[in-house]
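*Asks:* requesting a structural model of the entry that follows:
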Amino acid sequence: MEKSCTLLIHFDKGTPAIANEIKEALEGNDVPAKIDAMKKAIMLLLNGETLPQLFITIVRYVLPSEDHTIQKLLLLYLEIIDKTDVKGRVLPEMILICQNLRNNLQHPNEYIRGVTLRFLCRLNETELIEPLIPSVLQNLEHRHPYIRRNAILAVMSIYKLPQGEQLLVDAPEMIEKVLSTEQDQSAKRNAFLMLFTCAQDRAINYLLTHVNRVSEWGELLQMVVLELIRKVCRTNRGEKGKYIMIITSLLDAPSTAVISECAGTLVSLSSAPTAIRAAANTYCKLLLSQSDNNVKLIVLDRLNELKSSHREIMVDMIMDVLRALSSPNLDIRRKTLDIVLELITPRNINEVVLTLKKEVVKTQSGELEKNGEYRQMLIQAIHSCAIKFPEVASTVVHLLMDFLGDSNVGSAVDVVVFVREIIETNPKLRVSIVTRLLDTFYQIRSARVCTCALWIIGEYCLSLSEVDSGIATITQCLGELPFYSVSEEGEAADSSKKAQQVNSMTVSSKRPAILADGTYATQSAASETAFSLPTLVHGSLASGNLRSLLLTGDFFLGAVVACTLTKLVLRLEEVEPSKVEVNGASTRALLIMVSMLQLGQSPVLPHPIDNDSYDRIVLCIRLLCNTGDDIRKIWLQSCRQSFVEMLSEKQLRETEEMKAKAQISHAQPDDLIDFYHLKSRKGMSQLELEDEVQDDLKRATGEFVKDGDDANKLNRILQLTGFSDPVYAEAYVTVHHYDIVLDVTVINRTKETLQNLCLELATMGDLKLVERPQNYTLAPESSKQIKANIKVSSTETGVIFGNIVYETSNVHERTVVVLNDIHIDIMDYISPAVCSDAAFRTMWAEFEWENKVAVNTVIQEEKEFLYHIIKSTNMKCLTATSALDGECGFLAANLYAKSVFGEDALVNVSIEKQADGKLSGYIRIRSKTQGIALSLGDKITLKQKGGR
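*Replies:* Purely as a prediction, here's the structure:
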């Protein structure tokens with residue numbers, strides 16, 4: 001069985017040392033050689049070697065050495081060797097080292113005394129320690145603080161041994177005297193820690209006696225005081241009032257570690273508004289004063305927890321939290337914005353938006369490489385603010401429209417999506433937004449932004465001047481027609497190689513993309529990246545952004561241009577009295593569309609126009625040639641109506657989510673409630689009174705954490721052995737975020753005493769045992785609770801397997817009972833989450849692991865199957881409910897979840913109803929890591945057949 005280890009040293013197994021060489025070096029007089037030999041001996045022992053012949057050599061040749069390094073290495077050697085035999089008795093040769101240790105404890109050199117006292121802290125053999133106790137106690141009064149502080153630790157370690165209270169009967173009293181006279185801060189800390197660990201009442205008494213001087217104590221001692229307060233208040237919540245006052249006095253300590261611990265302790269012990277406000281203020285100060293990014297992230301996590309439980313107090317801190325945006329780290333900025341967006345109220349919205357606007361302006365001037373990404377985050381934050389509080393939209397929309405031509409495509413897309421939503425929800429801003437959009441349209445560099453901007457122009461240009469301006473802007477950005485001359489077509493064969501070189505960077509780079517409904521489409525990289533203007537395209541200079549994008553082969557944009565021109569011409573018929581003008585505009589639009597078709601079918605470009613875009617442009621041409629009232633209604637009203645419905649559904653979904661979050665648990669009817677008005681207030685400070693009130697309110701509203709449902713607990717009990725086995729075992733599995741606790745009940749069903757009973761566990765997957773197994777003795781028909789901790793490092797299905805080994809007095813061989821395997825479910829680690837469609841598609845394109853599961857189920861309804869998968873996988877459906885309405889025999893939906901380790905799980909369900917009524921199709925799972933994709937696939941395969 002493995003033994004405990006107090007020392008860990010890296011060992012290079014490639015060059016093992018030979019025992020004879022070590023022995024020779026130790027017997028010599030060369031000090032550096034002795035040091036090297038001792039190091040090799042220690043490393044061999046740590047890696048499983050025994051080296052029994054070395055002990056006498058070390059006693060003879062190393063023990064008398066006066067070299068400090070050799071003496072330190074000697075103590076390390078003594079620490080790791082076996083000092084007892086198989087039966088647990090101290091080996092007789094160990095008596096040889098006792099005299100040496102006593103001499104070291106009385107050595108004139110302080111270092112030798114100190115390291116020997118440190119060694120005694122890790123010595124567990126009572127027979128070796130007992131003769132050394134008088135020397136240890138003498139060192140408590142030594143003039144040097146280094147020796148005193150190590151002597152106190154040695155006394156504490158001896159007192160904690162099984163027979164420690166008999167060895168040092170009056171140790172707590174002795175240490176309390178030392179504490180009252182000690183001046184060295186580290187020694188005082190060790191003395192208080194000893195009282196805290198071994199005689200808690202004395203530690204509390206000392207703390208309350210010196211309560212007014214706690215703020216003057218050193219940082220180390222203050223940290224132990226906070227630990228003591230947490231322990232006392234956990235066991236006896238009724239006394240926390242007087243301790244909270246000590247914590248608040250420490251909030252002004254000079255040490256940042258102390259004030260950070262104070263804030264955390266205050267939040268865990270009290271719900272009083274004064275205490276929470278003091279903790280929040282402390283965290284905000286730390287956020288601004290600390291330069292370490294890890295510290296800032298931890299503090300932001302603490303503030304995020306406060307926001308969940310004490311939102312009304314955190315709302316007042318919103319501007320202090322916002323100051324963390326001055327950090328250049330994107331993770332810190334992202335967390336800060338996430339916290340701030342949930343603390344916005346009508347009272348502070350203007351201040352927040354003003355700060356965000358200033359930050360946006362700063363991103364223009366700075367040269368930092370992450371400015372584009374930061375700007376995108378800010379734009380999304382402003383978007384959220386404007387949706388929640390429409391009145392602020394007018395102050396930000398025009399500023400953000402300057403970024404429509406941003407080289408960072410993501411931020412430009414966010415701006416145009418924001419503009420599209422604001423123009424619908426704020427009718428008063430429509431005219432100014434349309435005018436500004438037409439003025440800045442030529443600056444747009446991305447095809448994705450162009451398509452959205454063209455849709456806005458087509459839907460919201462309503463007056464005659466706006467329609468005229470819209471048509472003129474599009475025409476100007478397309479440049480002169482045709483897109484290439486007839487003479488160039490003849491030369492196309494000669495110049496085709498050159499054309500391919502010009503366009504290879506954008507046109508040939510194509511990859512599949514997932515659309516909102518889950519289906520695949522081909523998109524060119526030109527729609528993802530900002531284009532670079534070609535200097536010459538087949539002898540013709542590009543004169544506008546739309547023309548340049550069309551000449552790279554982006555015909556989806558061409559189809560959007562055709563639809564926008566069609567809408568503008570149809571609207572022109574309604575607002576323009578002159579038929580001549582209408583006919584002229586219609587003719588120009590038709591010429592543009594025909595020119596695009598001609599370009600798409602010509603050999604000038606390496607890739608012809610795709611069928612979808614071709615059909616759409618042809619439809620627009622037919623529509624302009626023959627317009628009917630029904631068609632006009634569809635194009636001018638129904639498209640916009642669909643957008644309005646989409647926005648209202650999105651708003652409804654957000655409202656429902658907020659209502660669900662706002663639901664709180666209620667207390668049971670028979671729960672005890674204390675009425676603080678009837679309590680005696682004598683001697684209570686304002687803070688203590690507030691704390692009592694808050695506790696009563698929590699009790700009344702059911703906020704105190706209650707035990708989970710007992711029925712749920714029973715579901716987590718797993719039988720590990722059979723009923724006929726001599727040892728019966730069952731485990732209750734508790735899954736926390738990063739670890740699993742197995743509470744195993746072992747019952748001896750025989751009439752014999754089981755000796756050296758050991759629960760041996762092993763794991764498969766990313767699971768790791770924390771503790772080594774211990775041996776127990778189990779009386780006949782008695783039971784034992786054994787706890788095992790297992791660390792989890794990633795989201796995948798893991799397996800825990802093992803056996804119970806024991807001995808009986810009759811049988812000398814060990815008996816082994818094999819246990820059932822425990823399967824750790826992936827569902828314990830993933831939770832439903834929300835992300836935007838754009839983010840989903842980006843992740844879908846980037847993630848390299850895909851698991852494709854064929855649909856195989858008895859369920860015959862598409863929606864029923866989808867809801868069954870959602871329930872089985874604990875995921876969130878991102879596809880809107882309206883998109884799933886209707887009966888068409890097809891269904892495509894996107895699901896999303898996030899693990900506790902921050903991993904993303906993406907699922908696309910695409911199913912079709914066959915003629916025989918059965919469902920067919922595929923469920924695709926994508927993730928960044930293999931484990932989550934495979935585990936989720938196995939779960940779906942297992943669960944999809946059930947349902948009803």
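*Asks:* what about the stretch 651-800 of the chain, any weak spots by pLDDT?
*Replies:* Along the stretch 651-800 of the chain, the model assigns pLDDT under 70 to residues 658, 660-713, 737, 794-796.
*Asks:* and the helices in it?
*Replies:* Using DSSP state H, counting those that start in this stretch, the helices of the stretch 651-800 of the chain run over residues 686-701, 710-715.
*Asks:* for the stretch 151-300 of the chain, same thing?
*Replies:* Assigned by DSSP H, counting those that start in this stretch, the helices in the stretch 151-300 of the chain fall at 164-167, 171-181, 185-198, 200-209, 219-235, 240-250, 256-269, 273-289, 293-309.
*Asks:* and those: which comes nearest residue 400?
*Replies:* Of all those, it is helix 293-309 that lies closest to residue 400, at 25.9 Å by C-beta to C-beta. Heads up, the C-betas are built off the backbone N, CA and C, glycines and all.
*Asks:* packing partners for that closest one?
*Replies:* Counting contacts by 3 or more C-beta pairs under 8 Å, 6 or more residues apart in numbering; DSSP states H and E, helix 293-309 packs against helix 256-269, helix 273-289, helix 311-315, helix 330-341.
*Asks:* you'd agree residue 568 is in a strand?
*Replies:* No: per DSSP: H, G, I helix; E, B strand; the rest coil, residue 568 lies outside any strand segment and is helix.
*Asks:* and residue 785, bridged to which residues?
*Replies:* On the basis of DSSP bridges, residue 785 is bridged to residue 745.
*Asks:* count of neighbours near it?
*Replies:* Residues within reach of residue 785, counting by other C-beta atoms under 10 Å, total 9.
*Asks:* residues in contact with it?
*Replies:* Residues near residue 785 by C-beta atoms under 8 Å, 6 or more residues apart in numbering: 743-746.
*Asks:* give me the element residue 416 is part of.
*Replies:* helix 409-425 (DSSP states H and E).
*Asks:* could you tell me the least trusted of the helices of the stretch 151-300 of the chain?
*Replies:* Here the helices of the stretch 151-300 of the chain differ in mean pLDDT, and the lowest is helix 240-250 at a mean of 81.
*Asks:* helices and strands around it, which ones?
*Replies:* Under the contact definition 3+ C-beta pairs under 8 Å, 6+ apart, helix 240-250 sits against helix 219-235, helix 256-269, helix 273-289, helix 686-701.
*Asks:* which other helices and strands contact the shortest one?
*Replies:* Identification of packing neighbours for helix 256-269 by 3+ C-beta pairs under 8 Å, 6+ apart yields helix 219-235, helix 240-250, helix 273-289, helix 293-309.
*Asks:* try 7 Å
*Replies:* Other helices and strands packing on helix 256-269, by 3 or more C-beta pairs under 7 Å, 6 or more residues apart in numbering; DSSP states H and E, are helix 219-235, helix 240-250, helix 273-289.
*Asks:* now the shortest one against helix 219-235, angle please.
*Replies:* Here helix 240-250 runs at an angle of 160 degrees relative to helix 219-235 (axes from the mean of the first three to the mean of the last three C-alpha atoms, to 10 degrees).
*Asks:* could you do the last one as well?
*Replies:* Between helix 273-289 and helix 219-235, the angle formed by their directions is 140 degrees, by the same axes, to 10 degrees.
*Asks:* residues contacting helix 273-289, please?
*Replies:* Helix 273-289 has contacts (C-beta atoms under 7 Å, 6 or more residues apart in numbering) with 244, 248, 251, 256, 259-260, 262-263, 266-267, 296, 299, 302-303, 306, 310, 313-314, 317, 320-321, 323-324, 687, 690-691.
*Asks:* now it: buried residues?
*Replies:* Across helix 273-289, burial judged by 16 or more other C-beta atoms under 10 Å covers 273-287.
*Asks:* try the second one
*Replies:* Residues of helix 240-250 classed as buried: 240-241, 243-244, 246-248, 250 (neighbour count, 16+ other C-beta under 10 Å).
*Asks:* of all these, which comes closest to residue 461?
*Replies:* residue 248 (62.3 Å).
*Asks:* quick one: the closest one from residue 298, how far?
*Replies:* Distance check for residue 248 against residue 298: by C-beta to C-beta, to the nearest Å, it reads 22 Å.
*Asks:* can you check residue 168 too?
*Replies:* 40 Å.
*Asks:* which residues touch residue 557?
*Replies:* Applying C-beta under 7 Å, 6+ apart to residue 557 gives the contacts 447, 450-451, 549-550.
*Asks:* filter those residues down to just the ones in helices.
*Replies:* Counting by DSSP state H, the part of these found in helices is 447, 450-451, 549-550.
*Asks:* those residues: which two are farthest apart?
*Replies:* Greatest spatial distance in those: 451 and 550, 12.3 Å, computed using C-beta to C-beta.
*Asks:* more neighbours: those two, which one.
*Replies:* Neighbours were counted for residue 451 and for residue 550 using other C-beta under 10 Å; residue 550 has more, 26 against 21.
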